[in-house]
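Q: Need the 3D shape of this:
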Amino acid sequence: MVWLPLPFGANRPMYWWMSELGFHVLTLAWVVLWWRGDVKVTPAFKMARISLWLAGFFLVFVALQIWGKIPNITSLDAHATENQWLKSLMMFEAFGLSLLLIRSHRRVYLWAITLLLAGTFQAVYGTLIAITGSDVIWDKVNHAGGSATGTFVNRNHFAGYLEMTLAIGLGLLIAHLESSSANTWREHLRRITKTLLGPKVQIRVCLALMVIGLILSHSRMGNTAFFASMLIAGMIGLLLFRNSGRGVVFLFGSLIVIDIFLMGAFFGIDKLQERIEKTDIKQEQRFEAAALTLNIIKDYPVGGTGLGTYYTAFPLYRSENISIFYDHAHNDIVEFVSELGLLGITPLALIWLLSFYHSIMVQVRRRSQLMKAVGFAATMAMIAIFIHSWTDFNLQISANAVTFMIILALPYVAATVNRQSGQSHRRPEDSPSTR
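A: Next up, the predicted model:
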């Protein structure tokens, strides 16, 4: 998780091949350990069997596109589809390994902390680039023009990554909320002292740094998706977190007031606001490109043009108003449908819907504050990426796509981890397994 975004979001063949190799080795290692009897299939993996079957169907479908012998299920560029098939395999391996390896409260908590720190590093690095005006990311030219990009080349993909890590960070804060109100001044004082000396402040600092990075990205839809998803997931959380409703309201209120109006005033929220106000859909070529992509869907409704073939198919449909080359549609939803058709997009949509359903059910059924918080974080991250996907192509970037697939696995983990354990109702800092 830490490595994936570092080499330009793993959006270069050399880097995503390295990532693919890493996931293949991890998967093979687990299979060998399972064959020897050293590890077992987890309840989360069993619970996600429908999603795993859907993933298998998807991989078979894309293989048929490569084969090209079935009418209406043929890729326009078999080599490009083969590359995307390998990337898809890596992403489903990440999904499966998350179900198999994140199998305790301690591992859930360590996973969340790891992603929080990875997002914080990206935010700090991106902020330094924006403030110093550097035009170099590692050894790659920064084309964002004064905006924060982290180690990504595109500021929108950087923003998409922060949307997910911010959701995890908010989940961690919720996991540390008190489940009951203080009845005495002594209890209030004890809780304040515990907050100042405990992990809440550290997590809060990380969130503040990531919000600054997100604002400095000047990504219009990235910021919109984050705050919209926080509002929607927060409203859901208020309904489901019955014992922590006041704490959730205070948490979101402080994030909006402190981070946006105070920190944003010093780190360029006015520039972001100016970009949003000047947005003219009629002048945005990406919207016209997405509209033209609908013609591809009309011509290839069943099996699509082949996964990864957008840059091959779109030039046949572009108009004279499109002056730049589009290798992606800047709309993940439309691009996936054009490449996969109805048969290919259905299993992906069902995998997302099943994970979203379980993320809600976790918040309803689990007593563990940590598991409920994980359900909230997954809900928020899924909503954020869904919203952002209508104007960008985050899910075409390996680092973001793999991170998203791992998040899709979390609701199953949160629903099954330590289900029968007496620790299931404790907060992270109270559990011996997460100290």
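
Q: State the number of residues packed around the residue lying closest to M91 once chain neighbours are set aside.
A: Excluding the flanking residues, the one nearest M91 by Cβ to Cβ, 6 or more residues apart in numbering is M405, at 4.6 Å. C-betas here are computed from N, CA, C, even on glycine. Residues contacting M405 under the criterion other Cβ atoms under 10 Å number 23.

Q: which secondary structure element contains M405?
A: helix 398-416 (DSSP states H and E).

Q: Give the rounded mean pLDDT of that helix.
A: Mean pLDDT, helix 398-416: 97.

Q: from the chain's centre, how far out does it sit?
A: Remark: helix 398-416 is offset 8 Å from the chain centroid, using Cα atoms, centre = their mean, to the nearest Å.

Q: who does that helix touch, helix- and strand-wise?
A: If contacts are counted by 3 or more Cβ pairs under 8 Å, 6 or more residues apart in numbering; DSSP states H and E, helix 398-416 sits against helix 13-35, helix 43-47, helix 78-101, helix 105-132, helix 155-175, helix 332-365, helix 369-388.

Q: Can you add mean neighbour count and mean pLDDT and give these back as a markdown table?
A: Shown next, in a markdown table, are the helices and strands packed on helix 398-416 (neighbours: other Cβ atoms under 10 Å; pLDDT from 0 to 100):
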| stretch | mean neighbour count | mean pLDDT |
| --- | --- | --- |
| helix 13-35 | 14 | 94 |
| helix 43-47 | 18 | 97 |
| helix 78-101 | 20 | 97 |
| helix 105-132 | 21 | 93 |
| helix 155-175 | 28 | 93 |
| helix 332-365 | 20 | 96 |
| helix 369-388 | 27 | 95 |
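
Q: Let me know which of these is the nearest to L59.
A: Nearest to L59, of all the helices and strands packed on helix 398-416, is helix 78-101, at 6.3 Å by Cβ to Cβ.

Q: okay, the angle between that closest one and helix 13-35?
A: Angle of helix 78-101 versus helix 13-35, following axes from the mean of the first three to the mean of the last three Cα atoms, to 10 degrees, is 40 degrees.

Q: just checking, what packs against helix 78-101?
A: Using 3+ Cβ pairs under 8 Å, 6+ apart: helix 78-101 touches helix 13-35, helix 43-47, helix 49-67, helix 398-416.

Q: could you give me the average pLDDT of the third one?
A: Model confidence over helix 49-67 averages 98 on the pLDDT scale.

Q: With just CA atoms, put it into CSV.
A: Provided in CSV are the C-alpha atoms of helix 49-67 (Å, rounded to 0.1, in the frame of the first residue of the first chain):
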residue,chain,number,x,y,z
ARG,A,49,-17.7,-15.7,-2.1
ILE,A,50,-20.3,-14.1,-4.4
SER,A,51,-18.0,-11.2,-5.1
LEU,A,52,-15.1,-13.6,-5.7
TRP,A,53,-17.2,-15.6,-8.2
LEU,A,54,-18.2,-12.3,-9.9
ALA,A,55,-14.5,-11.4,-10.1
GLY,A,56,-13.8,-14.8,-11.7
PHE,A,57,-16.6,-14.3,-14.2
PHE,A,58,-15.1,-10.9,-15.1
LEU,A,59,-11.6,-12.3,-15.7
VAL,A,60,-13.1,-15.0,-17.9
PHE,A,61,-15.1,-12.4,-19.8
VAL,A,62,-12.0,-10.3,-20.5
ALA,A,63,-10.1,-13.4,-21.5
LEU,A,64,-12.9,-14.1,-24.1
GLN,A,65,-12.4,-10.5,-25.4
ILE,A,66,-8.7,-11.3,-25.9
TRP,A,67,-9.6,-14.6,-27.6
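
Q: contact partners of that helix?
A: With contact meaning Cβ atoms under 8 Å, 6 or more residues apart in numbering, helix 49-67 is reached by 45, 70, 73-75, 78, 81-82, 84-85, 88-89, 92, 95-96, 303-304, 306-307, 340, 343-344, 347-348, 350-351, 354-355, 408, 412.

Q: can we see that at 6 Å?
A: Residues outside helix 49-67 that contact it (Cβ atoms under 6 Å, 6 or more residues apart in numbering): 70, 73, 75, 78, 81-82, 85, 92, 306-307, 344, 347, 350-351, 354.

Q: Buried residues in it, which are they?
A: Using 16 or more other Cβ atoms under 10 Å as the test for burial, helix 49-67 gives 51-52, 54-55, 58, 61-62, 64-66.

Q: Make CSV from those and add distance to R220 to it.
A: CSV is the format used below for the buried residues of helix 49-67 (distance: Cβ to Cβ, whole Å):
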residue, distance to R220
S51, 32
L52, 36
L54, 33
A55, 33
F58, 31
F61, 34
V62, 32
L64, 38
Q65, 34
I66, 37
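
Q: residues contacting D332?
A: Going by Cβ under 6 Å, 6+ apart, D332 touches 389, 393, 395.

Q: Which residue is the nearest non-sequential neighbour of it?
A: Distance criterion Cβ to Cβ, 6+ apart; nearest residue to D332, sequence neighbours excluded, is S389 at 3.8 Å.

Q: Pick out the most distant pair among the contacts of helix 49-67.
A: Farthest apart among the contacts of helix 49-67 - using Cβ to Cβ - are A78 and L354, which lie 30.5 Å from each other.

Q: okay, now the closest residue to T391 other than its chain neighbours: neighbour count?
A: Distance criterion Cβ to Cβ, 6+ apart; nearest residue to T391, sequence neighbours excluded, is M221 at 4.4 Å. Neighbour count of M221, defined by other Cβ under 10 Å: 22.

Q: May I have the phi/psi pair for M221?
A: When read as degrees, to the nearest 10, the backbone of M221 gives phi -70, psi -30.

Q: isn't it right up against H388?
A: Yes. Assessed by Cβ atoms under 6 Å, M221 is found in contact with H388 at 5.4 Å.

Q: picking up where we left off before, now the helices and strands packed on helix 398-416 in a markdown table, with distance to L216?
A: Converted to a markdown table, the helices and strands packed on helix 398-416 look like this (distance: least, Cβ to Cβ, whole Å):
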| stretch | distance to L216 |
| --- | --- |
| helix 13-35 | 25 |
| helix 43-47 | 37 |
| helix 78-101 | 29 |
| helix 105-132 | 4 |
| helix 155-175 | 9 |
| helix 332-365 | 24 |
| helix 369-388 | 17 |
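
Q: These: which one's closest to L231?
A: helix 369-388 (9.5 Å).

Q: quick check, distance from that closest one to the centre of its chain.
A: Put simply, helix 369-388 sits 9 Å off its chain's centre (Cα atoms, centre = their mean).
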